[in-house]
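> Any chance you could fold what I've pasted below:
(chains A, B, C and D)
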Number of protein chains: 4
Amino acid sequence: MVPRYSRPEMTAIWTPENRFRIWFEIEAHATDALAELGVVPKEAAQALWAWWNTNPAIDVPAIDAIEAVTKHDVIAFLTWVADHVGDQARFMHQGMTSSDVLDTALAVQLAQASDILLADLDRLLEVLKARAIEHKMTPTIGRSHGIHAEPVTFGLKLAQAYAEFDRCKTRLIAARADIATCAISGAVGTFANIDPSVEERVAAKLGLSVEPVSTQVIPRDRHAMFFATLGVIASSIERLATEVRHLQRTEVLEAEEYFSPGQKGSSAMPHKRNPVLTENLTGLARMVRGYVTPALENVALWHERDISHSSVERYIGPDATITLDFALARLTGVIDKLLVYPERMDKNLNKMGGLVHSQRVLLALTQAGVSREDSYRLVQRNAMKVWESDGQLSLLDLLKGDAEVTAALSPQQLEEKFDLGYHLKHVDTIFARVFG
Amino acid sequence: MVPRYSRPEMTAIWTPENRFRIWFEIEAHATDALAELGVVPKEAAQALWAWWNTNPAIDVPAIDAIEAVTKHDVIAFLTWVADHVGDQARFMHQGMTSSDVLDTALAVQLAQASDILLADLDRLLEVLKARAIEHKMTPTIGRSHGIHAEPVTFGLKLAQAYAEFDRCKTRLIAARADIATCAISGAVGTFANIDPSVEERVAAKLGLSVEPVSTQVIPRDRHAMFFATLGVIASSIERLATEVRHLQRTEVLEAEEYFSPGQKGSSAMPHKRNPVLTENLTGLARMVRGYVTPALENVALWHERDISHSSVERYIGPDATITLDFALARLTGVIDKLLVYPERMDKNLNKMGGLVHSQRVLLALTQAGVSREDSYRLVQRNAMKVWESDGQLSLLDLLKGDAEVTAALSPQQLEEKFDLGYHLKHVDTIFARVFG
Amino acid sequence: MVPRYSRPEMTAIWTPENRFRIWFEIEAHATDALAELGVVPKEAAQALWAWWNTNPAIDVPAIDAIEAVTKHDVIAFLTWVADHVGDQARFMHQGMTSSDVLDTALAVQLAQASDILLADLDRLLEVLKARAIEHKMTPTIGRSHGIHAEPVTFGLKLAQAYAEFDRCKTRLIAARADIATCAISGAVGTFANIDPSVEERVAAKLGLSVEPVSTQVIPRDRHAMFFATLGVIASSIERLATEVRHLQRTEVLEAEEYFSPGQKGSSAMPHKRNPVLTENLTGLARMVRGYVTPALENVALWHERDISHSSVERYIGPDATITLDFALARLTGVIDKLLVYPERMDKNLNKMGGLVHSQRVLLALTQAGVSREDSYRLVQRNAMKVWESDGQLSLLDLLKGDAEVTAALSPQQLEEKFDLGYHLKHVDTIFARVFG
Amino acid sequence: MVPRYSRPEMTAIWTPENRFRIWFEIEAHATDALAELGVVPKEAAQALWAWWNTNPAIDVPAIDAIEAVTKHDVIAFLTWVADHVGDQARFMHQGMTSSDVLDTALAVQLAQASDILLADLDRLLEVLKARAIEHKMTPTIGRSHGIHAEPVTFGLKLAQAYAEFDRCKTRLIAARADIATCAISGAVGTFANIDPSVEERVAAKLGLSVEPVSTQVIPRDRHAMFFATLGVIASSIERLATEVRHLQRTEVLEAEEYFSPGQKGSSAMPHKRNPVLTENLTGLARMVRGYVTPALENVALWHERDISHSSVERYIGPDATITLDFALARLTGVIDKLLVYPERMDKNLNKMGGLVHSQRVLLALTQAGVSREDSYRLVQRNAMKVWESDGQLSLLDLLKGDAEVTAALSPQQLEEKFDLGYHLKHVDTIFARVFG
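Next comes the predicted model:
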């Protein structure tokens, strides 16, 4: 976890305090269930909740101090609780194994993290939608291979991003369901020492599903799928960040990351406004992707379980979710405040003297009865002149002055071929598909 | 693609023949739609299908020869079709761009590949279920950290695998839906030169969804999610393969990959039966996982598209699906024919002289009123003798002979604590959860 | 292996023919050594070489047919050799294990592949050097964050690439040494059945080092380091390819991948020349990088060996080396024929009306006694005018017309600050460092 | 960075204090060089060092507070220094760019980290050597595929590990050289505003090489190679850790991670001593490997530089080095204190009733004139009896009682074939190769 790429709400999930709170809830709900089964006295469960309702502070250093002696985190925690609750606490954890607590708690933490990420996605989607609608009809050049192709609108670019992040949301909802399971099944998952109904109750109380078959641990294919999904989202972040970086290039400058008027005045080099936020997002995406493979390697635990996954999760649990939360929020801010320069988009669009329309002219000539070969020759000889003039000459003007061309197409017909509206006529259709 | 790790049905999907067939269907359905719109003559579409209904062979070398001249694969294909269909073929591909054909065809190929993989999963699930039921009550030692823990059944191990691959199936169904989209939207995705209804018709005919917003290409987050999902499945394969490898170790030998009686007699070293199939599966899993990151890196194409993803997909499209298909089939074979040795499982289970039951005795002593500390001391002093005898002594016998122990628990009560049934009493519950 | 990204010389290394040839040489040299030790008759070794000197064709289908029966590749090969050499062949392979042949042969193949890659690097370095010297003093704008910073030369860009690939060469030489070892040590590496001198002789004959301690297999950390090194080289390829892609953007257009005059005339859109080769290289780099992790995962074989690495190497051995060879050759071609546009570089350099020199003016004002704050204010108020004019106004002209500025710096002094030579004065120094 | 997997010496390298100390030294040495060139007054350099020699505490919060205003870390630091040094401090950083300081400081940090890792490797090598020599002649079964093969010694296993980590050391020395370079070359690496001799002096003072050609930043192929090398070392750690995990399995139990006698007595389940340290190492290896790909993706910065690499390095700089340091130290402790059980090794070795010698008997029969087919039949019929007895019968006894066998080989000759010494006769040779 790198503090500068962290936000407090997500970071809070991964604090010892939060973990211990979840542990307590698991233990207390389990004790409730055990009490109902008659395995432990009802007073035991009541005592736990009575104390909990006093909203006690979690004394992490005290628990750590006990762990330093017991060398066991769950026992240390239980001991600390017993110190406060008193004798009734000895009924806690009956028939359970540490992994029941640890794995279920991790499920709660990942579900909490997912909820923040889903809210992040919602905010990003909202901002993308607003800016997409704002620029629904702002023409800009579409580029394939970094080379001018045909016109699109800036709103279409954002609509594409909206659709992509909407898919990411669907995937994250599925990934959340995948990891949100509860296992309270004992040493090797057989429920030998604890009734399955305990697991069911705790699951219900914590908003989790029941893990159908656990082996002391919750199977790690679930977590692998979760972190792989975060890696896909990170890659989508990289895509949009890369778009902004391209648009902010000196030679393109169709959009810029926001800078305040104050910032503007502070430098002697007004052109040197660097897309540092989106470059940063590119790097963060690399990190979140980097956590996918360790998560995949965690799946093949030996037999009923080994503990090799644990250290990996101590890194990637916090690091992947905190980094992705930060990245989504940063990207939302970038898009929300993005400075968009429609005049520059227009200028770039026309930079090539109308060459982006050459293909339409070609088609029109063919449809007007000129042979394919002749059409090519006619368009090309004018296109080359425009090209060689570096955009100083206009293709439309040249065509209008080319007798062979005007023999087939009138000036007015030619002008129609240079109409942006032709390219934008289905923007509504696409927007309807994306935004409903 | 490595031939020895390939099966013909999956390999066939990635042949030029299959690709060209899909291309034809895309073009012909699109021509149908264009004909209905009145953009091209109905005769054009009819001519295409008339020829196609003669079930013409795809002459790949001929198409390649044309490509060698045109330097363009789609044009080469269209030219070859025109050579056979005749003049009407010139109406094909009207308003379309090569990517419309290429990306939609890839979607069809990946959907076809998914269908094979789903069938593979179904067969694996079937075999896992059959063997799980067969060994539902075959006791075996559960191991955490490779160390004996408490009893489970061999059926439970397989039920766990069943549940895991059933999740994999759910994930693959979602991943299939993610990539099965059709884009026929022209040079930069604006439908400037082709009506959206063409896309809708082709999508419907090919069993695909419509891509809501494309940018010449179908967005690559879809493919990233697809290959990431294959990576998760591969990791689950590795888990089960690793289990078999462990079980076949000389010292464990609770199960073995199948060998025919003939094989048995062929070697002077009857113990040297190596788990080579599951070792091989471990390696194949590494490869399928290795394709995840390139797929993730493919997402951030520049602007409306660049072509950097294409070379990656020429590798991983075939390699990931062919390898995973082979691996699933191999794993299915391994499980189907797995030689299971219940006697050896029983022997290993009892290897420690009953130490696996020590915790139950401990609990019983406590419940019988012996203090926690004394219970520990009593169990431990007998357990250590068993341990030092390397399993020659029996914990039950020693406990029966320990007066302090028998003062609290009768011989019969002690015997009950060594009952395997205690551990297996919820196997039904778990099976009901997994298999319904 | 994807044929279109393969070159014959490298592909030949990975053919069965080449592998069998290497196998023969290992076996024959080993037989020589055994004959010298008196373990087998000298005639046996002589018979092998006598046959080999007839330059026999390797009949791969025949060997495959034997393998189909024996289910063992090395035995199949030995049988086929024996069929041709006759009775003396039974002395081959005495005391050896299949892995001795397989792993040593892989070492030879990887060493052969390394030699081709080193030659590829040499050609790339040669081309980079030539083009660097050609453009040593071609000014172009240096960009940080994609934004204009200060002038560099195009030669410096290439010199940087030269230095980077020269490091890659050093690394590959080390990686080659790492994998070029010979192991002929028997079933578990103890030389129980074969004298260590055999290994030494075969190593010497094949130009390999002796593996100091093998365990049936050559340890896979060697191969991991080798493939990791290829991954680094691929990343350097991606860097230079990305540079070209950026330079070819429509708005930048300072360089272009080569196109023949014929190509030029063939399109109606002269601006649509896509950097497809370097985009392709970007994708190929992703693949070669993707092979690194499977190679790293291959290291932790179980005990003296398992065979999980084998399937991985059947993929990545050919795929990584063939792809990298192709990519290096393609990159060499791109750089060799790269169309460089110095006028456009000059135009871009001056695009901002001289703003790239603003920092030098600022420094000069400070050195002329103007306070830091005032210097800033003076430069900035002129710079902003230039910026807002979109490069139509010239910073130098404005400064010359600003009385507060000219009070500190004469027009001539100002002009000096706009001198490109100032930025290029150490190009010689850097070239001397790089090229010696 | 996960505190529990961190050691203070390595962590200290990545503290702000250490970073600021390195920054100061870079700046002060550069000022020395500038003073010698006459660019700044000698008093400026003297003032810096005079203050530094008072060993001032680095007030990180104060610097952070300045950064909160200036939004620039290097400027904040320079301001803080100036607050203490006074007026002369304004000559610091003349002609330099922030990256000169940042990248050179990172080089120093990575070199410091390398030195710790090299010392870690030295300690590991020392321990491996000592334990290898201790168990040079401790026989144990060699296993391929997890199946008993032929005898080796436990010392040989450790000698193999020694050779592997010795290679890792060589690789790390090369990787250290790769990243230990100094760049002080200004905004785009042209030395426009600073003489190359400054860079040379700072490099010499800090024990770095001069970066031959930088582009504001030090090229990231260097760092990619560095982190890839750490990934290889991590994989070698995983290999040895996996070996220990296997040896500690209940059924194998040839070695165990250390536990104190106190620990021994504390549990009622004396068999439940889990290899948690080596399982943990397996997970840590996954993490260090996971950092390789982000480092590779960092290579392709845009043009002269972008800042996408920076966030990645804020994670992996500390995380990879701290984790690897911890892992190497943990592995050293595991090997140093490893409980080795030669009796159990012996018992396992003989577990199969002598079947591991069957191949030698087969060879001896052939050499005694029995046909290959008959030899097979004779060995196999006895071997099968041993196998079916689960090691209760002895192959040697059965062979001695088989008249057809004794017709070819005397009892004494047979006994010789069961001699472990035969397998261990070249242990000296191998040790001499490894340890010299």
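
> Could I get the buried residue list for the longest helix along chain A?
Across chain A, the longest stretch assigned as helix under DSSP state H is helix A:98-134. Buried residues in helix A:98-134, counted by 16 or more other C-beta atoms under 10 Å in any protein chain shown: A:98-114, A:116-117, A:120-121, A:124-125, A:127-129, A:131-132. Every residue, glycine included, has its C-beta placed from N, CA and C.

> out of the residues you listed, who's near chain C?
Among the buried residues of helix A:98-134, no residue sits close to chain C (C-beta under 8 Å from any C-beta of the partner chain).

> picking up where we left off before, specify the next element, helix or strand, located C-terminal of the longest helix of chain A.
strand A:139-144 (DSSP states H and E).

> Enumerate the residues of the stretch 101-250 of chain A near chain D.
By the rule C-beta under 8 Å from any C-beta, the part of the stretch 101-250 of chain A lying against chain D is residue A:245.

> any idea where the strands of the stretch 101-250 of chain A begin and end?
A:139-144, A:147-153, A:181-182, A:209-210 (DSSP state E, counting those that start in this stretch).

> Can you list the strands that the third one pairs with?
Spelled out, that is strand A:181-182. Taking DSSP bridges as the criterion, strand A:181-182 forms sheet pairs with strand A:209-210 (parallel).

> what about residue A:27, which helix or strand?
helix A:16-36.

> Can you give me the pLDDT of the residue of the stretch 151-300 of chain A found nearest chain B?
Proximity of the stretch 151-300 of chain A to chain B (C-beta to the nearest C-beta) peaks at residue A:188, 3.3 Å away. Looking at residue A:188, its pLDDT stands at 93.

> now it, nearest residue through space, not along the chain?
Among residues not flanking residue A:188 along the chain, residue B:142 sits closest, at 3.3 Å (C-beta to C-beta, 6 or more residues apart in numbering or on different chains).

> now stretch A:53-67, how far from the centre of its chain.
Distance, stretch centre to chain centre, for stretch A:53-67: 35 Å (C-alpha atoms, centre = their mean, to the nearest Å).

> Ends of that stretch, what's the gap?
Length of stretch A:53-67, first residue to last, C-alpha to C-alpha, to the nearest Å: 25 Å.

> Give me the buried positions along that stretch.
By neighbour count with 16+ other C-beta under 10 Å, stretch A:53-67 contains the buried residues A:58, A:63, A:66-67.

> all helices of the stretch 301-436 of chain A, in order?
For the stretch 301-436 of chain A, helices defined by DSSP state H, counting those that start in this stretch occupy the ranges A:308-337, A:342-349, A:358-367, A:372-388, A:395-400, A:403-406, A:411-417, A:421-424, A:427-435.

> List the buried residues in the second one.
I take that to be helix A:342-349. Using 16+ other C-beta under 10 Å as the test for burial, helix A:342-349 gives A:342, A:344-346, A:348-349.

> before we move on, what about the fourth one?
When burial is assessed from 16+ other C-beta under 10 Å, helix A:372-388 yields the following buried residues: A:375-380, A:382-387.

> now the fifth one
When burial is assessed from 16+ other C-beta under 10 Å, helix A:395-400 yields the following buried residues: A:395-396, A:398-400.

> Now flag whichever of these is closest to residue B:422.
For these, the minimum distance to residue B:422 (C-beta to C-beta) is 86.9 Å, reached by residue A:395.

> what's the neighbour count on the residue in the stretch 51-200 of chain A positioned nearest to chain D?
Going by C-beta to the nearest C-beta, chain D is nearest to residue A:71 of the stretch 51-200 of chain A, at 9.1 Å. By other C-beta atoms under 10 Å in any protein chain shown, 10 other residues sit near residue A:71.

> hang on, the earlier thing: now the residue of the stretch 151-300 of chain A closest to chain B: how far from chain C?
For residue A:188, the distance to chain C equals 24 Å [C-beta to the nearest C-beta, to the nearest Å].

> With residue A:16 instead?
33 Å.

> so who does that residue touch?
For residue A:16, the contact set (C-beta atoms under 8 Å, 6 or more residues apart in numbering or on different chains) comprises A:58, A:60, A:63-64.

> ditto for residue A:133
Residue A:133 touches A:155, A:431, A:435, counting by C-beta under 8 Å, 6+ apart.

> Output the set of residues of the stretch 301-436 of chain A in proximity to chain B.
Neighbours of chain B within the stretch 301-436 of chain A, by C-beta under 8 Å from any C-beta: A:301-307, A:359, A:363, A:422-427, A:429-430, A:433-434.

> could you redo the last one with a cut-off of 6 Å?
For the stretch 301-436 of chain A, the contact set with chain B under C-beta under 6 Å from any C-beta of the partner chain comprises A:302-306, A:422-423, A:426, A:429-430, A:433-434.

> Output those residues as CSV; include the columns distance to residue D:46.
Formatted as CSV, those follow (distance: C-beta to C-beta, whole Å):
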residue, distance to residue D:46
A:302, 64
A:303, 68
A:304, 69
A:305, 64
A:306, 61
A:422, 73
A:423, 68
A:426, 72
A:429, 74
A:430, 69
A:433, 71
A:434, 66
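
> which one of those residues is nearest chain D?
The closest of those to chain D turns out to be residue A:306 (C-beta to the nearest C-beta; 4.8 Å).

> Return the residues in contact with the closest residue to that closest one other than its chain neighbours.
Residue nearest to residue A:306 in three dimensions, not counting chain neighbours: residue D:279, with 4.8 Å by C-beta to C-beta, 6+ apart. Applying C-beta atoms under 6 Å, 6 or more residues apart in numbering or on different chains to residue D:279 gives the contacts A:306-308.

> one more time with 10 Å
Residues in contact with residue D:279 (C-beta atoms under 10 Å, 6 or more residues apart in numbering or on different chains) are A:301-302, A:305-311, B:145-146, D:241-242, D:244-245, D:248, D:257.

> Just the buried residues out of the residues you listed, in ChimeraX syntax.
The buried residues among the contacts of residue D:279 can be selected in ChimeraX (16+ other C-beta under 10 Å) with this line:
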select /A:301,302,305,306,307,308,309,310,311 /B:145,146 /D:241,242,244,245,248,257
